[in-house]
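[1] Have a look; sequence and predicted model below, questions after that.
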Number of protein chains: 2
Amino acid sequence: MRSNKHTVVIVGYGGMGSYHGQLISENPNLEVAGTFDLLEGRRKASVEAGYKAYESYEEVLADPAVEVVLIATPNDVHKEIAVRALEAGKHVVCEKPVAMSSSEFKDMIAAADKAGRVLMVHQNRRWDEDFRIIKQMHESDTIGALFQIESRVHGANGIPGDWRHVKAQGGGMLLDWGVHLLDQLLFMIDSRVTSVSSTLSFILGNDVDDGFEAVLQFENGIKAIVEVGTTNFITLPRWYVKGLEGSAVIEDWSLTGRIVTRNRESEHREPTPIRAGVGLTKTMAPPSEGSTITAGLPPAAELPDGFYSNFVAVIEGTAEPIVKNAEVLRVQNLIEAIFAAAEKNEVIKDFDTYGV
Amino acid sequence: MRSNKHTVVIVGYGGMGSYHGQLISENPNLEVAGTFDLLEGRRKASVEAGYKAYESYEEVLADPAVEVVLIATPNDVHKEIAVRALEAGKHVVCEKPVAMSSSEFKDMIAAADKAGRVLMVHQNRRWDEDFRIIKQMHESDTIGALFQIESRVHGANGIPGDWRHVKAQGGGMLLDWGVHLLDQLLFMIDSRVTSVSSTLSFILGNDVDDGFEAVLQFENGIKAIVEVGTTNFITLPRWYVKGLEGSAVIEDWSLTGRIVTRNRESEHREPTPIRAGVGLTKTMAPPSEGSTITAGLPPAAELPDGFYSNFVAVIEGTAEPIVKNAEVLRVQNLIEAIFAAAEKNEVIKDFDTYGV
């Protein structure tokens, strides 16, 4: 451990802000220099946690000891806080979704470029083990080339009662969980999204979506279904994927799952028709005995570094960011296409900034 | 049992034809008078089963003892066989999908009307118990009003190697299993389909789809997802439905399933956040203990009669058909919209013949 740690001020000391405090404390090269929050209760919580509570954002920006601003506020103020930090010469880590629009995010990127400072978005779920297992399967054709990827997150608690259900603050599930699930897919699949269709759900009576489903078609032939629900008292699997040689499922965060593949060694035997409902079916009968192999999930693909240690390397100029702003911009752009697809009830094409 | 049974000739004595022989033998008012098939092997099988094998279709039509022609041939010849039977004064029961197009089916209906004979399509999966359980839930709001209905049939055996993989004969999964699943939905949900999007799957290299997914939006707010797959080595549940008060699942043909509903009696307690991947989530945490109730599936909705006894009542003029030709035509029209949606990769609207 070095004596000179990079100092971070956490702006917005709610649930995510305090979680970042914990993550930062686990990194030997970073330390929390303090926090800033508009709410008195949170300033108190900060002091109780041992972090100085700045009186104003101006005080944060004026403090030469502060190197990094971590933004964990509602989404509608990300841009202003980030741009001011960058202009003050600070590096910025920003919670997702990075901004209210790709236009806002472009302004943030421009400010970072102008200031010569780092702006990195906390797309931390690229490190989720369930995702990295699917990524491994995609990279190594564990069940043959994947051609259908279904990524679902289901809950039954509705959307949180805070700013997350307020449209003007960037609430709703597409911007919350959606940005993670879409970021994972675009990070994994190196191909242009050629079209997207979607539906948003407004069951809970908010002005923001309480869930959505999007169908993405990639130029390389992969079809992806991304779904978030908050009114699902029974959950469908977190991941369900199909490859040319088999299928795989990851049920939930516990990483319970399996892969089932064609047994190339077995003689081909026709399945025995089964009674299904009032009819007979051979097509939908279980494959004949011995014709498939069930196995456990492969190990997860590794990323070159963790989020915060990569961030340290980036600000020290020794590594490229794992979460690149061009990638984040592409996801933001995709989200806008998904909103447009749902609002117009149309298939949206020719929007992806892949390769740009 | 009456002494005068209605006599049926089965045209097309393959798997479905012989299955109909069995179904007809279970009805006290129907009897199989014989079969007609182009293939010598099937004529032999017919005779072995105790059924006269007619030498030609002309012989069937010329036989005044034959009252009913049952069509269980490939789809491309349904129309010709049906129209000739109707013109010869026979009643017709036809396998699904009834025709290659709604235009063909309209010709069949016109022939029935002109001849004053009955034409009924064997949409037998309206009687499937799994479907009727969902129908019951829809009618009695078991889990509150249903707003999302997902109906899936997954197999891993590919599509059958016979005419079912030949486009010119009406092969493919949308016309095979799809017609059943769509017929069930339109039979259950009394509302106009306002839009449909879909993708067809061609993984197996046939010129017909080996599966499809369609998203239907109904005017009353219900969203339905219908999916058939033949390359699914792991299956998703047969039915997954969401209501305003809970969710329900039917896993498979065994009718294993459950419903989980909100417990209105329990005090509202916030769920405890869980670690999910590399992050925390309260939104996606399991509902707090006691806040939901798990129960078994309700009993299945009853239909007024079975398919063949209803058919007997219809030809005797004592009942309306449970499977109405206007309903079958609507499903055929929906299938054409689904094909169009997939081919154009567009959301198709304003096509439904509901109420016409």
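    Sure, I can see it. Quick caveat, the model's predicted, so the values are computed rather than measured.

[2] Just the CA coordinates for the longest helix along chain A, please, in CSV.
    Ranked by number of residues, the top helix in chain A under DSSP state H is helix A:325-344. Taking Å, rounded to 0.1, in the frame of the first residue of the first chain, the C-alpha atoms of helix A:325-344 are listed here in CSV:
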residue,chain,number,x,y,z
ASN,A,325,-17.4,6.0,-22.4
ALA,A,326,-18.1,5.1,-26.1
GLU,A,327,-19.6,1.9,-24.8
VAL,A,328,-21.7,3.7,-22.2
LEU,A,329,-22.9,6.1,-24.9
ARG,A,330,-23.9,3.3,-27.1
VAL,A,331,-26.0,1.8,-24.3
GLN,A,332,-27.6,5.2,-23.6
ASN,A,333,-28.4,5.4,-27.3
LEU,A,334,-29.9,1.9,-27.2
ILE,A,335,-32.1,2.8,-24.3
GLU,A,336,-33.4,5.8,-26.2
ALA,A,337,-34.2,3.5,-29.1
ILE,A,338,-36.0,1.1,-26.6
PHE,A,339,-38.1,4.0,-25.3
ALA,A,340,-38.9,5.1,-28.8
ALA,A,341,-39.8,1.5,-29.9
ALA,A,342,-42.2,1.3,-26.9
GLU,A,343,-43.7,4.7,-27.3
LYS,A,344,-44.3,4.4,-31.1
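
[3] in the stretch 201-350 of chain A, which spans are strands?
    A:211-218, A:223-229, A:239-243, A:246-250, A:257-262, A:274-276, A:279-281, A:292-295, A:348-349 (DSSP state E, counting those that start in this stretch).

[4] List the contacts of the second one.
    Contacts of strand A:223-229 from elsewhere in the structure, counted by Cβ atoms under 8 Å, 6 or more residues apart in numbering or on different chains, are A:147-155, A:173-174, A:176-178, A:181-182, A:185, A:189, A:201, A:210-218, A:236, B:199, B:213, B:242. Using the backbone N, CA and C atoms, a C-beta is placed for each residue, glycine as well.

[5] Break chain A down into its domains, please.
    A:6-122, A:126-255+A:297-302+A:333-349 (automatic domain parsing).

[6] Export those domains as a markdown table, with columns for mean neighbour count and mean pLDDT.
    Below are the domains of chain A laid out as a markdown table (neighbours: other Cβ atoms under 10 Å in any protein chain shown; pLDDT from 0 to 100):
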| stretch | mean neighbour count | mean pLDDT |
| --- | --- | --- |
| domain A:6-122 | 19 | 97 |
| domain A:126-255+A:297-302+A:333-349 | 20 | 96 |
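
[7] Find the closest residue to chain B in the stretch 201-350 of chain A.
    A:G277 (3.0 Å; Cβ to the nearest Cβ).

[8] Is it correct that that residue is in contact with B:F131?
    Yes - counting by Cβ atoms under 8 Å, B:F131 is a contact partner of A:G277 at 7.0 Å.

[9] Between these two, which contacts overlap?
    B:R125.

[10] all helices for the stretch 51-200 of chain A, in order.
    A:57-62, A:78-87, A:102-115, A:129-140, A:173, A:179-188 (DSSP state H, counting those that start in this stretch).

[11] one step back: a markdown table please, covering the strands of the stretch 201-350 of chain A and showing distance to A:G12.
    Output for the strands of the stretch 201-350 of chain A, formatted as a markdown table (distance: least, Cβ to Cβ, whole Å):
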| stretch | distance to A:G12 |
| --- | --- |
| strand A:211-218 | 25 |
| strand A:223-229 | 23 |
| strand A:239-243 | 31 |
| strand A:246-250 | 32 |
| strand A:257-262 | 35 |
| strand A:274-276 | 54 |
| strand A:279-281 | 56 |
| strand A:292-295 | 44 |
| strand A:348-349 | 33 |
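
[12] relative to strand A:223-229, how tilted is the longest helix of chain A?
    Helix A:325-344 runs at 70 degrees relative to strand A:223-229, counting by axes from the mean of the first three to the mean of the last three Cα atoms, to 10 degrees.

[13] Show me what helix A:325-344 is packed up against.
    Judged by 3 or more Cβ pairs under 8 Å, 6 or more residues apart in numbering or on different chains; DSSP states H and E, helix A:325-344 is in contact with helix A:102-115, strand A:119-121, helix A:179-188, strand A:193-201, strand A:211-218, strand A:348-349.

[14] Pipe those into TSV and attach distance to chain B per row.
    Conversion of these to TSV gives the following (distance: least, Cβ to the nearest Cβ, whole Å):
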stretch	distance to chain B
helix A:102-115	21
strand A:119-121	14
helix A:179-188	8
strand A:193-201	5
strand A:211-218	7
strand A:348-349	7
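
[15] out of the ones you listed, which comes closest to B:I24?
    For the helices and strands packed on helix A:325-344, the distance to B:I24 is smallest for strand A:211-218, at 42.8 Å, taking Cβ to Cβ.

[16] so how far is that closest one from its chain's centroid?
    14 Å (Cα atoms, centre = their mean, to the nearest Å).

[17] Now do it: everything it contacts.
    A:173-174, A:178, A:182, A:185, A:189, A:191-201, A:203, A:223-232, A:334, A:338, A:341-342, B:197, B:199, B:213, B:215, B:225, B:345.

[18] Also stretch A:334-346?
    Contacts of stretch A:334-346 (Cβ under 8 Å, 6+ apart): A:97, A:101-102, A:174-175, A:178-179, A:182, A:186, A:193, A:196-200, A:209, A:212, A:214, A:216, A:347-348, A:351-352, B:195, B:217, B:346-347, B:349.

[19] Setting aside sequence neighbours, what's the nearest residue to the residue in the stretch 1-150 of chain A that chain B sits nearest to?
    Closest approach between the stretch 1-150 of chain A and chain B, counting by Cβ to the nearest Cβ: A:D128, at 3.0 Å. Residue nearest to A:D128 in three dimensions, not counting chain neighbours: B:G277, with 3.0 Å by Cβ to Cβ, 6 or more residues apart in numbering or on different chains.

[20] Might you report the residue contacts of the one you found?
    Taking Cβ under 8 Å, 6+ apart as the test, what B:G277 contacts is A:125, A:127-131, A:253.

[21] okay, how far is it across stretch A:58-74, tip to tip?
    In stretch A:58-74, first residue to last residue: 19 Å (Cα to Cα, to the nearest Å).

[22] Could you dump the domains of chain A into TSV with distance to B:G317 added?
    Putting these into TSV (distance: least, Cβ to Cβ, whole Å) gives the following:
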stretch	distance to B:G317
domain A:6-122	65
domain A:126-255+A:297-302+A:333-349	45
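
[23] Out of these, which gets nearest to A:P273?
    That would be domain A:126-255+A:297-302+A:333-349 among these, by Cβ to Cβ, at 21.7 Å.

[24] Can you give the distance from the closest one to the centre of its chain?
    Using Cα atoms, centre = their mean, the offset of domain A:126-255+A:297-302+A:333-349 from its chain centre is 9 Å.

[25] Quote the end-to-end distance of that domain.
    End-to-end for domain A:126-255+A:297-302+A:333-349, by Cα to Cα: 26 Å.

[26] and if you look at stretch A:300-307?
    Stretch A:300-307 end-to-end distance (Cα to Cα) = 17 Å.

[27] what's the residue nearest to the spatial centre of chain A in contact with, if anything?
    Against the mean C-alpha coordinate of chain A, by Cα atoms, centre = their mean, the closest residue is A:H180 at 1.5 Å. A:H180 is in contact with A:96, A:123, A:125, counting by Cβ under 8 Å, 6+ apart.

[28] Of those residues, which are in range of chain B?
    A:R125 (Cβ under 8 Å from any Cβ of the partner chain).

[29] Let me have the contacts of A:H180 in a markdown table, adding distance to A:E67 as columns.
    Listed next are those as a markdown table, based on distance: Cβ to Cβ, whole Å:
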| residue | distance to A:E67 |
| --- | --- |
| A:K96 | 22 |
| A:Q123 | 21 |
| A:R125 | 26 |
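
[30] Just give me the closest of the contacts of B:G277 to A:G89.
    Using Cβ to Cβ, the contacts of B:G277 come closest to A:G89 at A:W127, 28.9 Å.

[31] Ignoring the adjacent residues along the chain, who's closest to the closest one?
    B:V278 (4.6 Å).
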